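Enquirer: Fold the following, please.
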Amino acid sequence: MRLTTSRTAFLLAAVLLARPLAAAEWPGFRGPAGAGRSDAASLPLAWNDGQRVLWRQPLPGRGSSSPVFFGNRLFVTCYDGYGQSKEEPGDIENLRRLLLCFDRETGELLWTAEEPDNTCAGAFAGFVRLHGYASSTPVTDGKTVYVFYGCSGVFAYGLNGTRLWHADVGVRNDAFGSGASPLLFDDLLIVNASIEDRALVAFDRKTGAERWRTGGINRAWSTPAIVTTAAGNPELVVSMKHEFKGYDPMTGKERWVCDGVNGYVCPSAVSHGDIVYAIGGRRGMAVAIRTGGQGDITESRRLWVQKAGSNVSSPVYHEGHLYWISDTGIAFVLDASTGEIVTRRRMPDAAPMYASMTYGDGKLYAVSRENGTFVLGAEPTLPQLAHNVFSEDDSDFNGSPALSDGRIYLRSNRYLYCIGESRPHHSN
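Expert: Now for the predicted structure:
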């Protein structure tokens, strides 16, 4: 009965994810299925401080997470109390993580949920200064909001901001900090706790009870992906140091392993059909794998390997090609069927880039850390259509954009923005 119920729920979820994206759903990191793409229409092309900013709300602290929304509620995380400047970081015992809920239409702040850190996060130094202590993007099913604060644990909140449960994943830390985002599958919340316990951990999304934990997740800051095999079965796929692995998402049992990206992995994998694509590594590497195998599938199901990658940002798939801009400002377009590099172009003004490229309305949105948002045509030649800069905000932009019909939501270390055209007001 359990298998039948889970199978039915998975098929229903697959149908929902396959349909055109509703305007009121961008529920987790990179939107539905973590694909970084939207079917939204009439997305803005050009904007600045005084043009097409429908609202701008100050944030109480810094953060590198991305905004998410469901219906009219928009959620984003940040941190304060410590680490707001490298010159005077303050006392780490004052570090707090904050989940903020906004009205998506007006930008009104509806509530804030605060959690003190347990001082396990590590000092504001080195690479942690680049992204801070709120790098994991929340995920929501429209009833509950879930956030992952690294070694401080996983938290679930009701839509009124009430904490429903808290669970630990591990207490380890790393000089790079924590960054993977949680994802929902069936009745589970799945977390990549590679940094905290070298494990994937699944919780009952209603109670927070741990359902399974599997180890061996090595040097992975990537968010796992759910991929549908050619046989119609769900697989949980994670890219990690030197390896790709596929798991049964209901049990955490390993199904297959494949040689993957050399070195540690930050970018998250994307899929199209039963094929999953991953990039990463300081040396630059891209890999394509057909899911659905058993055991070591390196020889049988690894389709191609290419010397092209990114150390932080993730790719997007569109009409047979993979697109991304690396953290060093190199734009790549790869033929997804062969791995051939179709376009490789240096964009020095785009570096550094932590946010992931996002597709919508025939356009590719690439948010640079320090020099605005580049809008490119979603075609292999990558024509630049616009370059949009907020001159009044010189803080870092590390979060990926969230897309809705006619609107783009962006966050920096200082503000949360809603960009688009004004909508007419209708009187009754």
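Enquirer: quick one: the strands in the stretch 51-200 of the chain?
Expert: With DSSP state E, counting those that start in this stretch as the criterion, the stretch 51-200 of the chain has strands at 53-58, 68-70, 73-80, 96-103, 109-116, 139-140, 144-148, 154-158, 163-167, 183-185, 188-193, 199-204.
Enquirer: Same list (those) but as CSV, adding mean neighbour count and distance to Ser337.
Expert: All C-beta atoms are positioned from the backbone trio N, CA, C, and that covers glycine. Converted to CSV, the strands of the stretch 51-200 of the chain look like this (neighbours: other Cβ atoms under 10 Å; distance: least, Cβ to Cβ, whole Å):
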stretch, mean neighbour count, distance to Ser337
strand 53-58, 16, 40
strand 68-70, 24, 32
strand 73-80, 24, 37
strand 96-103, 22, 41
strand 109-116, 16, 45
strand 139-140, 26, 31
strand 144-148, 25, 35
strand 154-158, 20, 38
strand 163-167, 15, 41
strand 183-185, 21, 27
strand 188-193, 26, 28
strand 199-204, 22, 30
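Enquirer: so which of these gets nearest Ala336?
Expert: Closest approach to Ala336 among the strands of the stretch 51-200 of the chain (Cβ to Cβ): strand 183-185, 22.5 Å.
Enquirer: re earlier: nearest to Leu322, of the strands of the stretch 51-200 of the chain?
Expert: Of the strands of the stretch 51-200 of the chain, nearest to Leu322 by Cβ to Cβ is strand 183-185, at 20.7 Å.
Enquirer: Work out the sheet partners of that closest one and label each with its direction, please.
Expert: Take DSSP bridges as the rule and strand 183-185 pairs in its sheet with strand 188-193 (antiparallel).
Enquirer: And the average pLDDT for the strand it pairs with is what?
Expert: Mean pLDDT, computed over strand 188-193, is 98.
Enquirer: Give me the next element, helix or strand, following the helix or strand bottoming out on mean pLDDT in the chain.
Expert: In the chain, the helix or strand scored least confidently by mean pLDDT, DSSP states H and E is helix 2-18, which has a mean of 38. Sequence-wise, the next helix or strand downstream of helix 2-18 (DSSP states H and E) is strand 25-26.
Enquirer: Partner strands of that following strand and their direction?
Expert: Strand pairing for strand 25-26, using DSSP bridges, gives strand 68-70 (antiparallel).
Enquirer: Please give the centre-to-centre distance between the strand it pairs with and its chain.
Expert: Distance of strand 68-70 from its chain centroid, counting by Cα atoms, centre = their mean, to the nearest Å, is 13 Å.
Enquirer: got it, and stretch 258-266?
Expert: Distance, stretch centre to chain centre, for stretch 258-266: 18 Å (Cα atoms, centre = their mean).
Enquirer: end to end, how far does it reach?
Expert: From its first residue to its last, stretch 258-266 covers 18 Å (Cα to Cα, to the nearest Å).
Enquirer: buried set for it?
Expert: Residues of stretch 258-266 classed as buried by neighbour count (16 or more other Cβ atoms under 10 Å): 258-266.
Enquirer: can I get these in a markdown table with secondary structure?
Expert: Shown next, in a markdown table, are the buried residues of stretch 258-266 (DSSP: H, G, I helix; E, B strand; the rest coil):
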| residue | secondary structure |
| --- | --- |
| Cys258 | strand |
| Asp259 | strand |
| Gly260 | coil |
| Val261 | coil |
| Asn262 | coil |
| Gly263 | coil |
| Tyr264 | coil |
| Val265 | strand |
| Cys266 | coil |
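Enquirer: For Tyr79, state which of these is nearest.
Expert: Nearest to Tyr79 among the buried residues of stretch 258-266, counting by Cβ to Cβ, is Cys266 at 19.5 Å.
Enquirer: Can you name the residues that contact that closest one?
Expert: Listed by Cβ atoms under 8 Å, 6 or more residues apart in numbering, the contact partners of Cys266 are 179, 221-222, 280, 311-312.
Enquirer: Just the pLDDT for it.
Expert: Confidence score, pLDDT, at Cys266: 95.
Enquirer: ok, now the one 3 residues further on?
Expert: As summarised for this prediction, Ala269 has a pLDDT of 97.
Enquirer: Over to the one 4 residues further on?
Expert: Note on Gly273: pLDDT of 97.
Enquirer: coming back round to it: save the buried residues of stretch 258-266 as TSV, and put in distance to Glu392 too.
Expert: Formatted as TSV, the buried residues of stretch 258-266 follow (distance: Cβ to Cβ, whole Å):
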residue	distance to Glu392
Cys258	47
Asp259	47
Gly260	42
Val261	38
Asn262	41
Gly263	38
Tyr264	36
Val265	36
Cys266	30
